[in-house]
Every structure is written in C-alpha cells, then in structure tokens.
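K.L.:
sequence plus the predicted model coming up.
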Amino acid sequence: MLPLIILIFIAAGMVTLSSYYLLRAYLSYREGAIESSIYYAVIGATGIAITVYMTFIMRKRTVTKKAEVPVLTTTECAKCSYKNMRKFAKGDYVYKTVGTCEKCKEPMLVTAIYAEPILKKQKRLQ
C-alpha cells in the first residue's frame, strides 16, 4: 500500500511540474520568445507523457500477497532405505542426521530439501 501512495505523490508532483512548464511555454509564446516556449513545451509534454505511461503501467500491476511455498524435507535410513517426508525445519541441511529409523532404529539422514510445486489451474478450451 505504501509504494502505491508514494507513486501517487510522485505522479502528482510530475503533473504539477509539467503543468508549470506548459504554463511557462504559453507565457513565453505570448511574450514572443518562441525558442523558450518550445523548450518549455517539450519539457512539459514529456513530463505529462511519462506520468500517463507510468500510470498505465502501474494499473496493470496488482498488489498480491505471494502464497507461501511449502518446503519439504526427505529423510532416509541408510540401512533399510526407509523414506519419510516432513515439513522443513529451520537448521535442516542435506546429510544431517535426524532421529532414528522407525523400522530398524538406525540414524536417519536428510537426503533432499525442496519446495513443493504449486500447480496453477489451467484454462480449458471448449
């Protein structure tokens, strides 16, 4: 939310400054300073164009909260090859010894740590 408010203030400032330059272009033109009026008009028009472009780009972006990706740890017994999957715990690393095997009571090793892929819903063509 805060970045959106900051962008609104930046856009408002750019529109104000660009409007000022367009006003200066008009006043310079009325005084007969054609070169100055062209200079001010280009700066003002460029500022307005950048602001409009920035506004359209920001409208396309939506503020979404990223879903937490579940991270899993696979543990395996070196002796009987019993595998177990559980949630990742802070401090887990591959080849770390964690607990004992439920079947043969030998030490279990962490063999893999990975994020479970989130499957997106696919649109079907009918």
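P.N.:
Perfect, I can see it now.
K.L.:
from here on, just use CA atoms for contacts and neighbour counts.
P.N.:
Will do.
K.L.:
which parts of the protein are strands?
P.N.:
Counting by DSSP state E, one finds strands in the chain at the ranges 71-77, 83-87, 97-100, 107-115.
K.L.:
closest to residue 49 out of these?
P.N.:
For residue 49, the closest of the strands of the chain is strand 107-115, at 43.1 Å, according to CA to CA.
K.L.:
need the strands of the chain in JSON lines (columns: distance to residue 38).
P.N.:
Output for these, formatted as JSON lines (distance: least, CA to CA, whole Å):
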{"stretch": "strand 71-77", "distance to residue 38": "60"}
{"stretch": "strand 83-87", "distance to residue 38": "65"}
{"stretch": "strand 97-100", "distance to residue 38": "74"}
{"stretch": "strand 107-115", "distance to residue 38": "58"}
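K.L.:
single out the most deeply packed of those.
P.N.:
For the strands of the chain, average neighbour numbers computed from mean count of other CA atoms under 10 Å are highest in strand 71-77, which has a mean of 20.
K.L.:
the inter-axis angle of that one versus strand 107-115?
P.N.:
What separates the directions of strand 71-77 and strand 107-115 is an angle of 150 degrees, with axes from the mean of the first three to the mean of the last three CA atoms, to 10 degrees.
K.L.:
who are the packing partners of strand 71-77?
P.N.:
If you count contacts as 3 or more CA pairs under 8 Å, 6 or more residues apart in numbering; DSSP states H and E, strand 71-77 packs onto strand 83-87, strand 107-115.
K.L.:
how about 10 Å then?
P.N.:
Helices and strands touching strand 71-77, by 3 or more CA pairs under 10 Å, 6 or more residues apart in numbering; DSSP states H and E, are strand 83-87, strand 97-100, strand 107-115.
K.L.:
contact partners of that strand?
P.N.:
Residues from elsewhere that reach strand 71-77 (CA atoms under 10 Å, 6 or more residues apart in numbering): 81-89, 92-117.
K.L.:
how is the protein partitioned into domains?
P.N.:
2-60, 71-115 (automatic domain parsing).
K.L.:
just checking, what packs against the longest helix anywhere in the chain?
P.N.:
Ranked by residue count and defined by DSSP state H, the top helix of the chain is helix 2-31. Taking 3+ CA pairs under 10 Å, 6+ apart as contact, the helices and strands that helix 2-31 lies on are helix 34-60.
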